[in-house]
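> just coords:
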């Protein structure tokens, strides 16, 4: 069995933001600036900003109030800029958006498809009540 060598996590930042639309711009700008420190091309940084906006909008949309928070982690690992969106009270269920028609996308879930098409890797994992949305962008 071949063992894969995992690179060390570099320059990790963590943001904890209220689930309010007013803070989506904060997340966008902070992560775009962080991605820029790794000398990613502007096109890739633009993709990251779009994905972050969509991910934050999803967190806010499925929230009850601005009194709850979500956490964003971003870092470099395994030749990728990785972003984890962590929602400890995640009410969003990815299963609601699997195998839906184009007509149904118009009603919701379009942001998920945007993130899937722009990120090099996209996943959502649910552990108990905690939901982790992961976006990876290859260097």
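It's in. The structure presented is a predicted model; accordingly, all values stated were derived computationally and were not measured.

> just the helices in this protein please.
24-36, 42-61, 102-105, 110-118 (DSSP state H).

> Quick one: work out the angle between the first one and helix 42-61.
With axes from the mean of the first three to the mean of the last three C-alpha atoms, to 10 degrees as the basis, helix 24-36 and helix 42-61 are set at 150 degrees to each other.

> For residue 60, list the residues it contacts.
Contact analysis of residue 60 by C-beta atoms under 8 Å, 6 or more residues apart in numbering lists 19-21, 24. The way it works is simple: take the backbone N, C-alpha and C, and place the C-beta from them, glycine included.

> Pull out the buried members of those residues.
19-20, 24 (16 or more other C-beta atoms under 10 Å).

> Would you mind measuring from residue 17 to residue 10?
To residue 10, residue 17 is 23 Å away according to C-beta to C-beta, to the nearest Å.

> Disregarding residues adjacent in the polypeptide, which is nearest to residue 24?
Counting by C-beta to C-beta, 6 or more residues apart in numbering, residue 56 is the residue found nearest to residue 24 once chain neighbours are left out, at 4.3 Å.

> Count the residues that sit near that neighbour.
25 (other C-beta atoms under 10 Å).

> what does residue 83 give?
Per other C-beta under 10 Å, the neighbour tally for residue 83 reads 23.

> What of residue 138?
12.

> How about residue 136?
Residue 136 has 17 nearby residues by other C-beta under 10 Å.

> beta partners for it?
Taking DSSP bridges as the rule, residue 136 bridges to residue 82, residue 121.

> Give me the pLDDT value at the residue nearest to residue 24.
Looking at residue 56, its pLDDT stands at 92.

> burial count for residue 66?
So residue 66, with other C-beta under 10 Å, has 14 neighbours.

> No further queries at this time; thank you.
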